[in-house]
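**Q** Pasting the sequence and the predicted model now:
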Amino acid sequence: MRTIIVCLFLFIAISSFAQRECAHASYLEQQKLSDPDFANRSIAIESFVQQANSAHTSRSSDYARGEGVIRIPVVIHILYNNASQNLSDAQVKSQIDALNRDFRKKNGDTSNIPARFKGLAADIQIEFVLATADPKGRATTGIIRKYTTVTNWNLDDKIKFAAQGGSDAWDSRSYLNIWVGAMRSNLGYSSSPGADAAKDGVVINPSVFGTINVAAHFHLGRTSTHEVGHWLGLKHIWGDTYCGDDLVDDTPKQGGFTTGCPTGFRTSCNNGETGDMYMNYMDYTNDACMNLFTTGQMNRMRSMFNASGPRASLLQSKGLNAPWVEEAPVDPVQPSVDFNLYPNPASAEINLIFDETWIGKQFQIVNSNGVVLQTVTIKSKKQTISVQSLRSGLYFVQAQNEDKKIRLKFVKL
(Lines give C-alpha, C1' and ligand atoms only; values in the text may rest on other atoms or scores of the structure.)
Protein backbone atom coordinates (compact mmCIF):
# COMPACT_ATOMS: atom_id res chain seq x y z
CA MET A 1 0.00 0.00 0.00
CA ARG A 2 2.83 2.42 0.89
CA THR A 3 4.41 1.76 -2.53
CA ILE A 4 1.11 2.64 -4.24
CA ILE A 5 0.82 5.86 -2.21
CA VAL A 6 4.40 6.89 -3.03
CA CYS A 7 3.94 6.16 -6.73
CA LEU A 8 0.68 8.12 -6.84
CA PHE A 9 2.37 11.04 -5.06
CA LEU A 10 5.22 11.05 -7.55
CA PHE A 11 2.84 10.82 -10.51
CA ILE A 12 0.99 13.88 -9.25
CA ALA A 13 4.29 15.66 -8.60
CA ILE A 14 5.64 14.89 -12.07
CA SER A 15 2.40 16.04 -13.69
CA SER A 16 2.33 19.26 -11.65
CA PHE A 17 5.96 20.19 -12.24
CA ALA A 18 6.68 19.59 -15.91
CA GLN A 19 9.17 22.44 -15.75
CA ARG A 20 11.10 24.17 -12.98
CA GLU A 21 9.46 27.13 -11.32
CA CYS A 22 11.16 29.05 -8.53
CA ALA A 23 9.08 31.62 -6.69
CA HIS A 24 12.05 33.58 -5.37
CA ALA A 25 11.40 36.81 -7.28
CA SER A 26 7.71 37.03 -6.45
CA TYR A 27 8.43 36.06 -2.84
CA LEU A 28 10.93 38.93 -2.52
CA GLU A 29 8.38 41.38 -3.84
CA GLN A 30 5.94 40.19 -1.18
CA GLN A 31 8.58 40.68 1.51
CA LYS A 32 9.27 44.23 0.38
CA LEU A 33 5.57 45.04 0.60
CA SER A 34 5.07 43.44 4.01
CA ASP A 35 8.37 44.68 5.51
CA PRO A 36 9.30 48.19 4.32
CA ASP A 37 12.71 47.99 6.01
CA PHE A 38 13.62 44.86 4.04
CA ALA A 39 14.18 46.90 0.87
CA ASN A 40 16.56 49.22 2.74
CA ARG A 41 18.43 46.27 4.25
CA SER A 42 18.76 44.72 0.80
CA ILE A 43 20.25 47.91 -0.62
CA ALA A 44 22.75 48.11 2.24
CA ILE A 45 23.75 44.46 1.77
CA GLU A 46 24.24 44.94 -1.96
CA SER A 47 26.51 47.91 -1.29
CA PHE A 48 28.46 45.76 1.19
CA VAL A 49 28.83 42.94 -1.34
CA GLN A 50 29.98 45.23 -4.14
CA GLN A 51 32.61 46.82 -1.90
CA ALA A 52 33.79 43.41 -0.69
CA ASN A 53 34.13 42.09 -4.23
CA SER A 54 35.73 45.17 -5.76
CA ALA A 55 39.13 44.09 -4.43
CA HIS A 56 38.73 40.47 -5.54
CA THR A 57 38.22 40.48 -9.28
CA SER A 58 40.82 37.81 -10.06
CA ARG A 59 39.52 34.28 -10.41
CA SER A 60 42.51 32.98 -8.44
CA SER A 61 42.43 35.64 -5.74
CA ASP A 62 43.56 34.89 -2.20
CA TYR A 63 40.06 35.89 -1.14
CA ALA A 64 38.66 32.89 -2.99
CA ARG A 65 41.13 30.50 -1.40
CA GLY A 66 42.37 31.90 1.85
CA GLU A 67 39.36 31.62 4.16
CA GLY A 68 39.09 27.85 3.75
CA VAL A 69 35.98 25.74 3.64
CA ILE A 70 32.90 27.19 5.36
CA ARG A 71 30.72 24.57 7.08
CA ILE A 72 27.08 25.52 7.64
CA PRO A 73 24.88 23.76 10.24
CA VAL A 74 21.57 22.70 8.69
CA VAL A 75 18.23 21.82 10.27
CA ILE A 76 15.60 20.12 8.11
CA HIS A 77 11.95 20.71 9.10
CA ILE A 78 9.81 17.97 7.52
CA LEU A 79 6.12 18.92 7.52
CA TYR A 80 4.07 15.91 6.44
CA ASN A 81 0.36 15.47 5.88
CA ASN A 82 0.65 11.87 4.70
CA ALA A 83 3.17 9.04 4.86
CA SER A 84 4.72 9.78 1.47
CA GLN A 85 5.75 13.25 2.63
CA ASN A 86 7.48 11.98 5.81
CA LEU A 87 10.83 11.60 4.08
CA SER A 88 13.36 9.07 5.32
CA ASP A 89 16.70 9.92 6.90
CA ALA A 90 18.32 8.41 3.80
CA GLN A 91 16.49 10.85 1.54
CA VAL A 92 17.53 13.78 3.72
CA LYS A 93 21.14 12.60 3.62
CA SER A 94 20.96 12.28 -0.16
CA GLN A 95 20.04 15.97 -0.37
CA ILE A 96 22.88 17.05 1.91
CA ASP A 97 25.27 14.97 -0.21
CA ALA A 98 23.92 16.58 -3.40
CA LEU A 99 24.41 20.09 -2.02
CA ASN A 100 27.99 19.30 -1.07
CA ARG A 101 28.78 17.80 -4.48
CA ASP A 102 27.45 20.85 -6.30
CA PHE A 103 28.94 23.52 -4.02
CA ARG A 104 32.33 21.79 -3.90
CA LYS A 105 32.44 21.14 -7.66
CA LYS A 106 32.56 17.40 -7.04
CA ASN A 107 29.58 16.65 -9.26
CA GLY A 108 30.44 14.06 -11.88
CA ASP A 109 28.88 16.04 -14.71
CA THR A 110 31.48 18.81 -14.66
CA SER A 111 32.72 17.06 -17.80
CA ASN A 112 29.63 18.44 -19.55
CA ILE A 113 30.60 22.07 -18.95
CA PRO A 114 31.21 23.70 -22.36
CA ALA A 115 34.84 24.53 -23.07
CA ARG A 116 34.11 28.27 -23.13
CA PHE A 117 32.91 28.12 -19.50
CA LYS A 118 35.25 25.54 -17.97
CA GLY A 119 37.68 28.17 -16.75
CA LEU A 120 34.89 29.95 -14.90
CA ALA A 121 33.50 26.94 -13.01
CA ALA A 122 34.32 27.20 -9.29
CA ASP A 123 34.54 25.19 -6.11
CA ILE A 124 32.53 27.40 -3.76
CA GLN A 125 34.25 25.91 -0.70
CA ILE A 126 31.01 25.84 1.26
CA GLU A 127 29.73 22.63 2.83
CA PHE A 128 26.44 21.76 4.53
CA VAL A 129 26.22 19.52 7.60
CA LEU A 130 23.20 18.38 9.60
CA ALA A 131 23.33 20.04 13.00
CA THR A 132 24.59 18.02 15.96
CA ALA A 133 23.50 20.45 18.68
CA ASP A 134 20.23 22.38 18.85
CA PRO A 135 20.04 26.04 19.94
CA LYS A 136 19.82 24.94 23.59
CA GLY A 137 22.90 22.72 23.32
CA ARG A 138 21.07 19.40 23.28
CA ALA A 139 21.88 16.53 20.93
CA THR A 140 20.02 16.51 17.62
CA THR A 141 20.01 14.68 14.31
CA GLY A 142 19.34 17.97 12.52
CA ILE A 143 15.97 16.60 11.36
CA ILE A 144 12.60 17.69 12.76
CA ARG A 145 9.50 15.74 11.76
CA LYS A 146 6.05 17.14 12.36
CA TYR A 147 2.63 16.00 11.25
CA THR A 148 0.47 18.85 9.96
CA THR A 149 -3.14 19.18 8.88
CA VAL A 150 -2.04 21.59 6.15
CA THR A 151 -2.22 19.87 2.75
CA ASN A 152 -0.50 22.56 0.66
CA TRP A 153 1.75 25.47 1.57
CA ASN A 154 1.93 28.84 -0.18
CA LEU A 155 4.39 31.76 -0.26
CA ASP A 156 2.90 33.22 2.93
CA ASP A 157 5.56 31.63 5.18
CA LYS A 158 3.02 29.84 7.39
CA ILE A 159 5.20 26.74 7.04
CA LYS A 160 7.78 28.55 9.22
CA PHE A 161 5.53 28.94 12.27
CA ALA A 162 4.29 26.19 14.59
CA ALA A 163 1.22 28.25 15.49
CA GLN A 164 0.14 28.08 11.84
CA GLY A 165 0.73 24.37 11.37
CA GLY A 166 4.40 24.64 10.43
CA SER A 167 7.65 24.47 12.40
CA ASP A 168 9.42 27.39 14.07
CA ALA A 169 12.85 28.30 12.73
CA TRP A 170 15.94 27.57 14.76
CA ASP A 171 18.06 30.68 15.27
CA SER A 172 18.80 31.64 11.66
CA ARG A 173 21.98 33.43 12.76
CA SER A 174 23.40 29.98 13.56
CA TYR A 175 21.55 27.54 11.28
CA LEU A 176 20.34 27.19 7.72
CA ASN A 177 16.68 26.26 8.12
CA ILE A 178 15.22 24.16 5.31
CA TRP A 179 11.50 23.46 5.43
CA VAL A 180 10.21 20.54 3.35
CA GLY A 181 6.47 20.67 2.69
CA ALA A 182 4.03 20.16 -0.17
CA MET A 183 3.42 23.19 -2.37
CA ARG A 184 0.71 23.34 -4.97
CA SER A 185 2.51 25.21 -7.76
CA ASN A 186 6.17 25.74 -6.84
CA LEU A 187 9.22 23.56 -6.43
CA GLY A 188 10.63 25.89 -3.81
CA TYR A 189 11.52 29.38 -2.70
CA SER A 190 14.10 31.06 -0.51
CA SER A 191 14.67 34.13 1.57
CA SER A 192 17.57 36.44 0.77
CA PRO A 193 20.22 37.86 3.11
CA GLY A 194 18.61 40.54 5.25
CA ALA A 195 15.31 38.69 5.67
CA ASP A 196 13.29 38.60 8.87
CA ALA A 197 15.17 36.15 11.12
CA ALA A 198 12.02 34.16 11.87
CA LYS A 199 11.44 33.61 8.14
CA ASP A 200 15.03 33.18 6.98
CA GLY A 201 15.66 29.94 5.12
CA VAL A 202 14.64 27.72 2.23
CA VAL A 203 11.38 25.94 1.45
CA ILE A 204 11.41 22.86 -0.81
CA ASN A 205 8.65 20.63 -2.16
CA PRO A 206 9.19 17.02 -0.98
CA SER A 207 8.80 15.74 -4.55
CA VAL A 208 12.15 17.32 -5.47
CA PHE A 209 14.05 17.01 -2.19
CA GLY A 210 17.04 14.69 -2.36
CA THR A 211 17.78 12.03 -4.95
CA ILE A 212 15.51 9.18 -3.73
CA ASN A 213 11.84 8.79 -4.77
CA VAL A 214 11.74 12.18 -6.48
CA ALA A 215 10.13 13.59 -9.62
CA ALA A 216 11.65 13.04 -13.05
CA HIS A 217 13.84 15.89 -14.35
CA PHE A 218 14.46 17.07 -10.74
CA HIS A 219 16.18 13.95 -9.44
CA LEU A 220 19.65 15.26 -8.55
CA GLY A 221 18.72 17.52 -5.65
CA ARG A 222 19.43 20.67 -7.62
CA THR A 223 16.25 22.48 -6.69
CA SER A 224 17.83 22.83 -3.25
CA THR A 225 21.16 23.84 -4.83
CA HIS A 226 19.33 26.59 -6.72
CA GLU A 227 17.39 27.83 -3.67
CA VAL A 228 20.41 27.76 -1.35
CA GLY A 229 22.15 29.87 -4.01
CA HIS A 230 19.41 32.46 -3.47
CA TRP A 231 19.82 32.15 0.30
CA LEU A 232 23.49 33.05 -0.22
CA GLY A 233 22.66 36.12 -2.27
CA LEU A 234 22.51 34.93 -5.88
CA LYS A 235 19.89 36.10 -8.34
CA HIS A 236 18.56 34.17 -11.33
CA ILE A 237 21.09 34.26 -14.14
CA TRP A 238 18.82 36.40 -16.35
CA GLY A 239 18.31 38.96 -13.55
CA ASP A 240 14.55 38.33 -13.43
CA THR A 241 13.93 40.56 -16.44
CA TYR A 242 14.74 40.42 -20.15
CA CYS A 243 18.54 40.71 -20.48
CA GLY A 244 18.66 41.66 -16.80
CA ASP A 245 21.63 41.94 -14.45
CA ASP A 246 22.34 39.14 -11.96
CA LEU A 247 25.06 41.34 -10.39
CA VAL A 248 27.80 38.84 -11.28
CA ASP A 249 30.46 39.91 -13.78
CA ASP A 250 31.38 36.54 -15.30
CA THR A 251 27.87 35.29 -16.13
CA PRO A 252 26.79 36.45 -19.61
CA LYS A 253 23.65 38.49 -20.19
CA GLN A 254 20.73 36.21 -21.00
CA GLY A 255 17.32 36.94 -22.44
CA GLY A 256 15.33 34.89 -19.93
CA PHE A 257 15.09 31.55 -18.20
CA THR A 258 15.77 28.25 -19.94
CA THR A 259 13.54 25.19 -19.52
CA GLY A 260 14.01 21.53 -20.31
CA CYS A 261 17.40 20.12 -21.23
CA PRO A 262 18.88 22.02 -24.18
CA THR A 263 22.09 21.14 -25.95
CA GLY A 264 24.48 23.08 -28.12
CA PHE A 265 25.12 26.78 -28.39
CA ARG A 266 22.42 29.34 -27.61
CA THR A 267 22.76 33.08 -27.72
CA SER A 268 20.69 36.07 -26.61
CA CYS A 269 21.18 39.69 -25.53
CA ASN A 270 24.09 40.08 -27.97
CA ASN A 271 26.26 37.83 -25.81
CA GLY A 272 28.17 36.78 -28.95
CA GLU A 273 30.71 33.95 -28.81
CA THR A 274 30.06 33.42 -25.10
CA GLY A 275 26.41 32.52 -25.52
CA ASP A 276 23.90 31.65 -22.82
CA MET A 277 25.11 29.90 -19.68
CA TYR A 278 21.96 27.81 -19.39
CA MET A 279 23.81 25.08 -17.49
CA ASN A 280 24.30 27.40 -14.49
CA TYR A 281 22.58 26.29 -11.29
CA MET A 282 20.71 29.61 -11.22
CA ASP A 283 18.82 28.94 -14.46
CA TYR A 284 15.66 26.81 -14.80
CA THR A 285 17.03 23.87 -16.80
CA ASN A 286 16.42 20.29 -15.66
CA ASP A 287 18.73 18.85 -13.02
CA ALA A 288 20.63 16.75 -15.54
CA CYS A 289 21.57 19.87 -17.52
CA MET A 290 22.84 22.00 -14.60
CA ASN A 291 26.47 21.67 -13.62
CA LEU A 292 28.23 24.86 -12.45
CA PHE A 293 28.55 27.97 -10.36
CA THR A 294 31.04 30.56 -11.60
CA THR A 295 33.92 32.23 -9.78
CA GLY A 296 31.94 35.47 -9.71
CA GLN A 297 29.06 33.67 -8.04
CA MET A 298 31.52 32.13 -5.60
CA ASN A 299 32.91 35.54 -4.65
CA ARG A 300 29.41 36.90 -4.17
CA MET A 301 28.29 34.01 -1.96
CA ARG A 302 31.45 33.96 0.13
CA SER A 303 31.36 37.72 0.64
CA MET A 304 28.24 37.14 2.76
CA PHE A 305 30.56 35.66 5.41
CA ASN A 306 32.97 38.61 5.53
CA ALA A 307 33.20 40.48 8.83
CA SER A 308 29.89 42.29 9.41
CA GLY A 309 28.39 40.39 6.45
CA PRO A 310 24.79 39.13 6.58
CA ARG A 311 25.86 35.48 7.02
CA ALA A 312 28.98 36.07 9.14
CA SER A 313 27.31 34.90 12.37
CA LEU A 314 27.15 31.35 10.97
CA LEU A 315 30.93 31.15 11.34
CA GLN A 316 30.47 31.30 15.13
CA SER A 317 27.60 28.81 15.23
CA LYS A 318 27.76 26.04 17.83
CA GLY A 319 25.37 23.93 15.77
CA LEU A 320 28.12 21.50 14.73
CA ASN A 321 29.63 21.20 18.21
CA ALA A 322 29.22 18.20 20.49
CA PRO A 323 26.08 18.71 22.62
CA TRP A 324 26.97 20.61 25.78
CA VAL A 325 23.69 20.18 27.69
CA GLU A 326 22.24 16.78 28.54
CA GLU A 327 19.16 18.21 30.18
CA ALA A 328 18.07 21.74 30.97
CA PRO A 329 18.78 22.84 34.56
CA VAL A 330 15.93 23.02 37.02
CA ASP A 331 14.19 26.39 36.82
CA PRO A 332 14.67 27.95 40.27
CA VAL A 333 11.27 29.65 40.12
CA GLN A 334 9.48 26.33 39.75
CA PRO A 335 7.76 25.19 42.94
CA SER A 336 8.94 21.99 44.58
CA VAL A 337 6.67 19.37 43.09
CA ASP A 338 6.63 15.63 42.93
CA PHE A 339 5.85 15.34 39.22
CA ASN A 340 4.57 18.00 36.85
CA LEU A 341 4.75 19.11 33.22
CA TYR A 342 4.51 22.32 31.23
CA PRO A 343 3.57 23.93 28.86
CA ASN A 344 0.16 22.42 28.33
CA PRO A 345 -1.01 22.57 25.56
CA ALA A 346 2.38 22.15 23.84
CA SER A 347 3.46 22.56 20.23
CA ALA A 348 7.18 21.73 20.20
CA GLU A 349 8.30 20.31 23.56
CA ILE A 350 7.24 19.60 27.11
CA ASN A 351 9.24 20.04 30.31
CA LEU A 352 8.83 17.39 32.98
CA ILE A 353 9.58 18.23 36.62
CA PHE A 354 10.43 15.48 39.13
CA ASP A 355 11.77 15.28 42.64
CA GLU A 356 14.95 13.32 43.28
CA THR A 357 13.15 10.07 44.04
CA TRP A 358 12.20 9.69 40.37
CA ILE A 359 15.76 9.83 38.96
CA GLY A 360 16.66 6.50 37.39
CA LYS A 361 13.02 5.50 36.87
CA GLN A 362 11.25 5.56 33.51
CA PHE A 363 8.25 7.39 32.15
CA GLN A 364 6.20 6.71 29.04
CA ILE A 365 4.30 8.85 26.57
CA VAL A 366 1.10 7.10 25.48
CA ASN A 367 -1.71 8.10 23.15
CA SER A 368 -5.41 8.19 23.97
CA ASN A 369 -5.70 4.51 22.99
CA GLY A 370 -3.07 3.51 25.51
CA VAL A 371 -0.38 2.75 22.92
CA VAL A 372 3.12 3.47 24.26
CA LEU A 373 4.88 5.85 21.86
CA GLN A 374 8.07 6.55 23.81
CA THR A 375 9.85 5.29 26.92
CA VAL A 376 12.46 7.55 28.53
CA THR A 377 14.75 7.15 31.54
CA ILE A 378 14.56 10.03 34.01
CA LYS A 379 18.07 11.53 34.30
CA SER A 380 17.49 14.83 36.05
CA LYS A 381 14.94 16.83 37.99
CA LYS A 382 13.91 18.63 34.85
CA GLN A 383 13.75 16.86 31.53
CA THR A 384 12.77 18.36 28.18
CA ILE A 385 11.16 16.14 25.57
CA SER A 386 10.41 17.04 21.94
CA VAL A 387 6.81 16.36 20.91
CA GLN A 388 7.08 17.85 17.42
CA SER A 389 6.66 14.45 15.77
CA LEU A 390 3.33 13.78 17.52
CA ARG A 391 0.07 14.43 15.75
CA SER A 392 -2.29 16.97 17.28
CA GLY A 393 -4.39 15.43 20.04
CA LEU A 394 -4.52 14.16 23.62
CA TYR A 395 -1.59 12.26 25.18
CA PHE A 396 -0.52 11.02 28.61
CA VAL A 397 2.77 10.90 30.49
CA GLN A 398 2.79 8.01 32.94
CA ALA A 399 5.38 6.69 35.39
CA GLN A 400 5.67 4.45 38.43
CA ASN A 401 7.94 5.02 41.44
CA GLU A 402 7.78 2.10 43.89
CA ASP A 403 4.09 1.99 44.83
CA LYS A 404 3.31 5.46 43.41
CA LYS A 405 1.74 5.77 39.97
CA ILE A 406 1.51 9.07 38.10
CA ARG A 407 -0.52 9.80 34.96
CA LEU A 408 -0.70 13.33 33.57
CA LYS A 409 -2.43 14.36 30.37
CA PHE A 410 -1.34 17.01 27.88
CA VAL A 411 -2.59 18.33 24.58
CA LYS A 412 -0.33 18.45 21.50
CA LEU A 413 -1.29 21.39 19.28
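**A** Received it, and whenever you're ready, just let me know what you need.
**Q** contacts, neighbours, all on C-alpha from now
**A** Noted.
**Q** What are the contacting residues of the longest helix seen in the chain?
**A** The longest helix of the chain (DSSP state H) is helix 36-54. Here helix 36-54 makes contact (C-alpha atoms under 8 Å, 6 or more residues apart in numbering) with 31-32, 193-196, 299-300, 303-304, 306, 309-310.
**Q** got it, and stretch 238-250?
**A** 25, 120, 234-237, 253-257, 268-269, 283, 294-297, 300.
**Q** Then stretch 389-403?
**A** Outside stretch 389-403, the residues touching it (C-alpha under 8 Å, 6+ apart) are 144-148, 357-358, 361-368, 405-413.
**Q** Which of the residues you listed fall within strands?
**A** 144-147, 362-367, 405-412 (DSSP state E).
**Q** Now, of those, which are buried?
**A** I144, R145, K146, Y147, F363, Q364, I365, V366, N367, K409, F410, K412 (16 or more other C-alpha atoms under 10 Å).
**Q** pLDDT value on the second one, please?
**A** R145 carries a pLDDT value of 91.
**Q** Could you tell me which strands sit next to the longest strand seen in the chain in the sheet, and their orientation?
**A** Scanning the chain for the strand with the most residues, using DSSP E, yields strand 70-80. Looking at strand 70-80 with DSSP bridges, its partner strands are strand 126-130 (parallel), strand 143-147 (parallel), strand 176-180 (parallel).
**Q** Of all these, which one comes closest to Y80?
**A** strand 143-147 (5.0 Å; C-alpha to C-alpha).
**Q** about what we covered before: narrow the contacts of stretch 238-250 to those in helices?
**A** Those of the contacts of stretch 238-250 lying in helices (DSSP H): A25, T295, G296, Q297, R300.
**Q** Can you name the two of the residues you listed that sit furthest apart?
**A** A25 and T295 (23.1 Å).
**Q** more neighbours, these two?
**A** T295 (24 against 16; other C-alpha atoms under 10 Å).
**Q** got the contact list for the closest residue in space to the more buried one that isn't next to it in sequence?
**A** The spatial neighbour of T295 that comes closest, neighbours along the chain excluded (C-alpha to C-alpha, 6 or more residues apart in numbering), is A122 at 5.1 Å. Taking C-alpha under 8 Å, 6+ apart, we find A122 in contact with R104, K105, L292, F293, T294, T295, M298.
**Q** Enumerate every residue touching the residue lying closest to the first one once chain neighbours are set aside.
**A** Leaving aside its sequence neighbours, R104 sits nearest to D123 (C-alpha to C-alpha, 6+ apart; 4.6 Å). With contacts defined as C-alpha under 8 Å, 6+ apart, D123 is in contact with F103, R104, K105, F293, T295, M298.
**Q** Please report how far the residue nearest in space to the middle of the chain lies from V49.
**A** Central residue of the chain (C-alpha atoms, centre = their mean): I178, 1.5 Å from the mean position. Using C-alpha to C-alpha, to the nearest Å, one gets 24 Å for the distance from I178 to V49.
**Q** Over to T375?
**A** 51 Å.
**Q** Between these two, point out the one with more neighbours.
**A** V49 (22 against 14).
**Q** what's the span of stretch 176-194, first residue to last?
**A** 14 Å.
**Q** Centre of the chain to that stretch, how far?
**A** 7 Å (C-alpha atoms, centre = their mean, to the nearest Å).
**Q** Just the buried residues of it, please?
**A** 176-183, 185-194.
**Q** Just the buried subset of the contacts of stretch 238-250, please.
**A** Buried among the contacts of stretch 238-250 by 16+ other C-alpha under 10 Å: 25, 120, 234-237, 253-257, 268, 283, 294-297, 300.
**Q** Now do the helices in the stretch 101-250 of the chain.
**A** Along the stretch 101-250 of the chain, counting by DSSP state H, counting those that start in this stretch, helices occupy 115-118, 222-231.
**Q** With that, I have no additional questions.
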